[in-house]
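Asks: Kindly generate the corresponding structure for this input.
(chains A and B)
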Amino acid sequence: MNNRLLPAVLALVVGLVAGFLLYPMFAGSGDEPAPVVAASDGVDTPAEPAPLPVVESRSTLDLVRERGYVRCGVSQGLPGFSNPNDSGDWSGIDVDVCQAVAAAVFGDADKSRYTPLSAKERFTALQSGEIDVLTRNTTWSLTRDTALGLDFVGVNYYDGQGFMVRRELGVKSVMELDGAVVCTNTGTTTELNVADFFRSNGLAYSIVAFEKSDEVVAAYDAGRCDAFTTDASGLYSERLKLADFNDHVVLPEIISKEPLGPAVRQGDDQWADIVRWSLFAMVEAEELGVTSKNAGDMRTTQNPAIRRLLGVEGAFGQNLGIPNDWAYKIITQVGNYGESFERGVGENTPLGIPRGLNALWKDGGLQYSPPVR
Amino acid sequence: MSSSPQPWNNPKLRAFAIQLAVLFVVGSFVWIVVDNTITNLQRQNIASGFGFLENPAGFGIALTLVEYTEQSSYGRALLIGFLNTLLVAVIGIFIATILGFTLGIARLSSNWLVAKIATVYIEVVRNVPLLLQLFFWYFAVLRALPLPRESLSLLEVAFLNNRGIYVPALLLEGNGLVLGLAAIVGAISAWLITRNAKRKRLETGEIVKGAAFAPLLVFVLPVLAFLIFGMGLKAEVPSLKGFGFKGGWSLIPEFVSLLLALSFYTAAFIAENVRSGILAVSKGQTEAARALGLKPTSVLRLVIIPQALRVIIPPLTSQYLNLTKNSSLAVAIAYPDLVSVFSGTVLNQTGQAVEVIAITMTIYLSLSLFTSLIMNWYNRHMALVER
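Replies: This next block holds a predicted model:
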């Protein structure tokens, strides 16, 4: 062989070897049968040859522990739910859920990082593993629970969709909005609910849909549309961004159910349980009267329910795969549900939202935690 | 001694072998990626496949060129988005070309003021990002326009407010098809007359009187048809009812601002292409033409531009493709184009990111290839015929 031939032969051999080596290693672990798949044209999983050792998928808890912090998806700035302040610190009731998970897993609520996501990217970020839990005031719906490969693990805010109009229009009810122009976010349940509502009531409308909430508010403020619609909590929150919020009035009707809550990926039940029970711990704490201030003293109480919650009795944390004082850490560092609510969206904040449906079941609301036992 | 070399010394065979190996590597890579994606989607229980295109959309769209209701399918929404993109791209290309050519020639003008204005415009517009210009046109201009109740009006029949431009709708009482046919007949006859007149002039030097007015047939014949068949025109004036204007024709401000931003931005780039094309024509051509006694405008029109077009058209194709793809910025100002409707709303509602993005990319690729095809044909048409 001479010098001109050697590169050619090498290229051929390398190409063939690379192809055959890469093929089984990257062909995915196609061993488990695919459960529910919504495809209408059958997608064939090609028959796998004898697989070489494949990388096992790690549980989310292991990955989070290894990384050292929890990554949460939050909004791009919604006061009361997830909003950064001037120094870049995030706060809000969604942020509190994220911090609760971090406190449960690591014992330190600061071991959490926040990724701001638009309505378009939020699900893809969770599906792809970029974030561990989505705490982004996301509505729990059937499609999202099934076709997207996600699981909703609780409701941290029971909401509904409302409308906001200029006071000077003199409109008192949503039924007077025939022919109005409505501003909203694109790709959300809001858009669908508006279409349903106006159609079922025989009213005409035209819609202007932006991607970012800031743009929606700016367009509404400029007078481009007559009404601004989103979840009622969002209305109170975005009203703060308007030039003069006394010029605007929120109409009384709520036209849909919007249970907002955290979501995780399907297929990891242990992680789903951890997030679910982190939220429940906060609700249960409020029901039992445990606050961030008195949690330390409460550890010496004789009340068995409180003792079990704070980890003085029982090994419930072990069942979840986290330390037994998980709830104690959550309550002391983040607070119970009521404290979180009051701090984020309560009546002493600029949003001024009453507890309403988000009160405890004992007080006529919907927040109800299964017992910790 | 054999006349053909040994197989491993044969350059053609070697080239073939190497290309085959590379093709195999690339092919396996593509197959691995696709298989990996599909397997992972199934394992995570994410829906896949294109069946979602038949499901009802459930949302409304602000601008629809064909029929669309909330119960139409996602596939229909895709069509609406595509048509909206096409609308803004075609009109944008048209305006940008006219404006670009004007500016390019203006920058070369011997009038100092005209040249300087064109220079300043081009330099400023080229250097500000398109998204910022888009926000400027939409928010800055939008805030300046009045609310519907205080609209600016032209003779009380046309209105301008921050919901859009409203003009009276001209409704035809009669058969529009007949008018269309008349226009087509007019166009064909105009083309035939012009072509024959030109051939006669080139062969015999005789000028056919009235042939210069032949293009007017495109308008004259439909008007004649209109009168002969006794058709009528009804005007529907937009009127303020409730929240806004009803009736008449309207253009939403999202469309207008996107169109203006895209056109003005691309025109600056086209202007520079035009200027370089004109400067590429050797000065001897201008001098010779002037020596023959041609006016400066005739020099430009008859001698310079036809030669400059050979240099202008290839980069012009790129600018047209840029304009088409830049129209996807519509998502920032709520214009319901393909990206906003399909890759935005539909992607979020169905969660099938892979299929939706693949379809969107395919559509943009096809649009771009089609535009390039047409422009390349035009380029070959304009090429110098070498002896």
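Asks: how close does B:Val33 sit to chain A?
Replies: B:Val33 is 8 Å from chain A, where distance means CB to the nearest CB, to the nearest Å. For every residue, glycine as well, the C-beta is placed using N, CA and C.
Asks: give me the element that residue is part of.
Replies: According to DSSP states H and E, B:Val33 maps onto helix B:11-43.
Asks: Flag every buried residue along that helix.
Replies: B:14, B:17-18, B:21, B:24-25, B:28, B:32, B:35, B:38-43 (16 or more other CB atoms under 10 Å in any protein chain shown).
Asks: Quick one: list the elements packing against that helix.
Replies: Helix B:11-43 sits against helix A:5-26, with contacts defined as 3 or more CB pairs under 8 Å, 6 or more residues apart in numbering or on different chains; DSSP states H and E.
Asks: My guess is A:Phe198 contacts A:Ile207. True?
Replies: No: using CB atoms under 8 Å as the test, A:Phe198 is too far from A:Ile207 to be in contact (9.2 Å).
Asks: spatially speaking, which residue is in the middle of chain B?
Replies: B:Val90 (2.6 Å; CA atoms, centre = their mean).
Asks: and it, which of the three is it?
Replies: Under DSSP: H, G, I helix; E, B strand; the rest coil, B:Val90 falls in the helix class.
Asks: That one and chain A, how far apart?
Replies: For B:Val90, the distance to chain A - CB to the nearest CB - is 23 Å.
Asks: Following the least confident helix or strand in chain B by mean pLDDT in sequence, what is the next regular element?
Replies: Ranked by mean pLDDT, DSSP states H and E, the weakest helix or strand in chain B is helix B:141-144, scoring a mean of 77. Remark: after helix B:141-144, the chain's next helix or strand is strand B:152-154, criterion DSSP H and E.
Asks: how many neighbours does the nearest residue to B:Val346 once chain neighbours are set aside have?
Replies: Distances taken as CB to CB, 6 or more residues apart in numbering or on different chains put B:Tyr74 closest to B:Val346, at 5.3 Å, once the chain neighbours are dropped. When counting by other CB atoms under 10 Å in any protein chain shown, one arrives at 24 neighbours for B:Tyr74.
Asks: Give me the neighbour count for residue 92.
Replies: Unless you meant another one, I'm taking chain A. 26.
Asks: hmm, I had chain B in mind actually
Replies: Residues near B:Gly92, counting by other CB under 10 Å: 25.
Asks: If we ignore the residues flanking it in sequence, what's nearest it?
Replies: Closest residue in space to B:Gly92, ignoring its immediate chain neighbours: B:Leu262 at 4.4 Å, by CB to CB, 6+ apart.
Asks: For burial, what's the neighbour tally of the one you found?
Replies: Look at B:Leu262: counted by other CB under 10 Å, it has 28 neighbours.
Asks: With A:Val249 instead?
Replies: 18.
Asks: Check B:Ser109 too.
Replies: When counting by other CB under 10 Å, one arrives at 14 neighbours for B:Ser109.
Asks: Next, the contact list for it, please.
Replies: B:Ala115, B:Ala118 (CB atoms under 8 Å, 6 or more residues apart in numbering or on different chains).
Asks: What residues does the stretch 151-300 of chain B have near chain A?
Replies: B:Asn162, B:Arg163, B:Lys241, B:Gly242, B:Phe243, B:Gly244, B:Lys246, B:Pro253, B:Glu254 (CB under 8 Å from any CB of the partner chain).
Asks: Go through those and name the one nearest A:Gln99.
Replies: B:Glu254 (39.8 Å; CB to CB).
Asks: Now do the strands in the stretch 201-350 of chain B.
Replies: Under the criterion DSSP state E, counting those that start in this stretch, the stretch 201-350 of chain B carries strands at the ranges B:232-236, B:239-241, B:244-246, B:249-251.
Asks: tell me the mean pLDDT for the helix holding B:Val33?
Replies: For helix B:11-43, mean pLDDT is 89.
Asks: from the chain's centre, how far out does that helix sit?
Replies: Offset of helix B:11-43 from its chain centre (CA atoms, centre = their mean, to the nearest Å): 36 Å.
Asks: Also stretch B:45-62?
Replies: 28 Å.
Asks: which ones are touching the residue in the stretch 251-387 of chain B that chain A sits nearest to?
Replies: Using CB to the nearest CB, the closest approach of the stretch 251-387 of chain B to chain A is made by B:Asn348 at 2.9 Å. B:Asn348 is in contact with A:Ala119, A:Lys120, A:Phe123, A:Thr186, A:Gly187, A:Thr188, counting by CB under 8 Å, 6+ apart.
Asks: Mind picking the two most distant members of the residues you listed?
Replies: A:Phe123 and A:Thr186 (14.1 Å).
Asks: Next, A:Phe245: phi, psi?
Replies: Note on A:Phe245: backbone dihedrals following degrees, to the nearest 10 are phi -80, psi -10.
Asks: Would you mind measuring from it to chain B?
Replies: Per CB to the nearest CB, A:Phe245 is found 18 Å from chain B.
Asks: swap in A:Thr143?
Replies: In terms of CB to the nearest CB, A:Thr143 sits 7 Å off from chain B.
Asks: Next, count neighbours for that residue.
Replies: 14.
Asks: now do A:Gly296
Replies: Other residues close to A:Gly296 by other CB under 10 Å number 12.
Asks: What sits closest to it if chain neighbours are left out?
Replies: For A:Gly296, ignoring the flanking residues on the chain, the nearest one in space by CB to CB, 6+ apart is A:Thr332 at 7.1 Å.
Asks: Next, count neighbours for residue 88.
Replies: All of this refers to chain A. A:Gly88 - counted by other CB under 10 Å - has 7 other residues nearby.
Asks: To clarify, I was referring to chain B.
Replies: Counted by other CB under 10 Å, the residues lying close to B:Val88 total 25.
Asks: Over to B:Leu384?
Replies: By other CB under 10 Å, 8 other residues sit near B:Leu384.
Asks: Tell me how far it lies from B:Leu309.
Replies: For B:Leu384, the distance to B:Leu309 equals 10 Å [CB to CB, to the nearest Å].
Asks: and what of A:Asp247?
Replies: 56 Å.
Asks: Pop out the phi and psi values for A:Thr313.
Replies: Just to correct that, residue A:313 is Glu rather than Thr. Here is the backbone geometry of A:Glu313 (degrees, to the nearest 10): phi -120, psi 150.
Asks: Spatially nearest residue to it (excluding sequence neighbours)?
Replies: A:Arg307 is the one closest to A:Glu313 (CB to CB, 6+ apart), at 4.4 Å.
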